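Asker: This is a predicted model, with the sequence first.
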Amino acid sequence: MIMYELKCKGYIELPKNYDLNLVLSVYNFGFWFDGTNCFLQLDNEGNIVALIDTSGRYVVYSKDKSLKCSDLVDKLVYVLGLNEDLSKFYALAEKDPLLGCFSRKYRGWRVRSTSLWWGLVIGICQQNASFRQGWGMLYNIVKLYGRKAVLNVREYPLIPTPQDILDNPDLLIKARTGYRRETILRVARVIEKIENRIRKEKEPERIESIIKSIKGVGAYTARLAMVLSPRKYELPPIDRWLKKIISTTYGVDEKNAEKYWIYRWKNYSGLAALAVTIALDAVPLRKALERLRNGETCPLKETQIISPINMWKHMK
DNA sequence: TGCCAGGCGGGGT
DNA sequence: ACCCCGCATGGC
């Protein structure tokens, strides 16, 4: 249990074209977001966390009381992407057959960024599994390892640290991660070194290749983690699902899908890839292709199916 | 029941 | 550069 010494309170000035409710909702769990209040972990260990509501009122908590409030708030601003100008991305999306609707109705969306460690675990859990299965694994991992933050009288689950997982690797089996377990353990062992090597790198290709040096982490996982953690969008995480969607939508051969995607989305290729999963509710490939045929490229409002936008309602 | 998924690496050509 | 297979698990 982590207790906190320092509290910094304030009110976020919300930028134009920024939808905080959307940012907090997408790809979140019910134990972190309830529709109004959101718990955010701002570091690897959970020593710095925040509560924020959809109006922008926040409290940042730190275990170390010698830290400065302004630095803590900077972390919050970064995680929420408050300084990120995506007007170019949404301009490209406007006339796109996949993301046209998304750009009109959801242009307030930003990535809610996480640690590189957790970004990689997210990617690994998506490998060769459906959206629902992958996020089920992640839910199990957070719940089973049981790291917690105590704020006021409430407890919030924290992401297990790499050490937590190395201390009790068998919980990964219980979390139903299957053969992905070995890859998660390899990441846990080297993540600190990887982070240090990446720190001095700027080029996305270099960063990707450093991350890919971990066995079991390929282009898809490395690139997804680059989108989710350091907000680097140049390289798209393209899996079988998106590859097929690209080739049917734009009429390009599957083996040219990535090249075409980058030509189309420039330095926002990674962001666009993630946005498509939101726009199509991450439905399995068959259904996604059917929806494209019917021109249904906006997220659905119905709450029956679990989707990136409403999974917080289902996974509490 | 027996497939087959938002990957990946190893082993073949 | 390709192609092909197996891999835990869950859903259909």
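Answerer: That came through, no problem.
Asker: Next, the contact list for A:I306, please.
Answerer: A:I306 sits next to A:131-132, A:135, A:314-315 when contact means Cβ atoms under 8 Å, 6 or more residues apart in numbering. (Glycine included, C-beta is placed from N, CA and C.)
Asker: Please list the residues of the stretch 101-250 of chain A that sit near DNA strand B.
Answerer: Counting by Cβ under 7 Å from any atom of the strand, the residues of the stretch 101-250 of chain A close to DNA strand B are A:123, A:126-131, A:133-134, A:179, A:212, A:215-222, A:239-242.
Asker: Just the buried ones from those residues, in PyMOL syntax?
Answerer: Remark: buried members of those, expressed as a PyMOL selection using 16 or more other Cβ atoms under 10 Å:
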select buried, chain A and resi 123+126+127+129+131+134+216+217+218+219+220+221+222+239+241+242
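Asker: Strands of the stretch 151-300 of chain A, residue ranges please.
Answerer: Shown for the stretch 151-300 of chain A, the strands assigned by DSSP state E, counting those that start in this stretch span residues A:154-157.
Asker: which residues of chain A score low on pLDDT?
Answerer: Low-confidence segments of chain A (pLDDT under 70): A:303.
Asker: what's the longest helix in it?
Answerer: Of all segments of type helix in chain A, defined using DSSP state H, the longest is helix A:180-199.
Asker: tell me what that helix is packed against?
Answerer: Secondary-structure packing of helix A:180-199 (3 or more Cβ pairs under 8 Å, 6 or more residues apart in numbering; DSSP states H and E): helix A:116-126, helix A:162-167, helix A:171-174, helix A:204-212.
Asker: What angle do helix A:204-212 and that helix make with each other?
Answerer: 140 degrees (axes from the mean of the first three to the mean of the last three Cα atoms, to 10 degrees).
Asker: and A:G134, how far is that from DNA strand C?
Answerer: A:G134 is 10 Å from DNA strand C, where distance means Cβ to the nearest atom of the strand, to the nearest Å.
Asker: number of nearby residues for the residue in the stretch 51-200 of chain A that DNA strand C sits nearest to?
Answerer: As assessed by Cβ to the nearest atom of the strand, DNA strand C sits closest to A:G178 within the stretch 51-200 of chain A, at 2.9 Å. A:G178 has 15 neighbours, counted by other Cβ atoms under 10 Å.
Asker: coming back round to it: out of the helices and strands packed on helix A:180-199, which is the most enclosed?
Answerer: Counting by mean count of other Cβ atoms under 10 Å, helix A:116-126 has the highest mean neighbour count of those, with a mean of 25.
Asker: What is the distance between that helix and the centre of its chain?
Answerer: Its chain's C-alpha centre and that of helix A:116-126 lie 9 Å apart, by Cα atoms, centre = their mean, to the nearest Å.
Asker: who touches whatever helix or strand comes next after that helix?
Answerer: As assigned by DSSP states H and E, the chain's next helix or strand after helix A:116-126 is helix A:131-145. Contacts to helix A:131-145, defined as Cβ under 8 Å, 6+ apart, come from residues A:27, A:29, A:31, A:121-122, A:125-127, A:129, A:157-160, A:164-165, A:168, A:171-172, A:174-177, A:180, A:277, A:282-284, A:306, A:308, A:311, A:315.
Asker: now swap in stretch A:242-257 and tell me
Answerer: With Cβ under 8 Å, 6+ apart, stretch A:242-257 has contacts from A:97-98, A:236, A:238, A:258, A:260-261, A:264, A:273, A:276-277, A:280, A:285, A:288-289, A:292.
Asker: So how do I select the buried members of those in PyMOL?
Answerer: A single PyMOL command selects the buried members of the contacts of stretch A:242-257 (16+ other Cβ under 10 Å):
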select buried, chain A and resi 98+236+238+258+261+264+273+276+277+280+285+288+289+292
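Asker: and of the contacts of stretch A:242-257, the nearest to A:L6?
Answerer: The closest of those to A:L6 turns out to be A:T277 (Cβ to Cβ; 36.7 Å).
Asker: Can you report how many residues lie near the nearest residue to the closest one once chain neighbours are set aside?
Answerer: Among residues not flanking A:T277 along the chain, A:P308 sits closest, at 6.1 Å (Cβ to Cβ, 6 or more residues apart in numbering). By the measure other Cβ under 10 Å, the count of residues near A:P308 is 21.
Asker: how about A:P308, secondary structure?
Answerer: Following DSSP: H, G, I helix; E, B strand; the rest coil, we place A:P308 in the coil state.
Asker: Could you pull up the residues touching it?
Answerer: For A:P308, the contacting residues are A:26-27, A:131, A:277-278, A:281-282, A:299, by Cβ under 8 Å, 6+ apart.
Asker: I'd like to know how far A:N152 sits from DNA strand B.
Answerer: 35 Å.
Asker: That should have said A:L228, apologies.
Answerer: Distance of A:L228 to DNA strand B, given as Cβ to the nearest atom of the strand: 12 Å.
Asker: repeat for A:L80
Answerer: Separation of A:L80 from DNA strand B (Cβ to the nearest atom of the strand): 22 Å.
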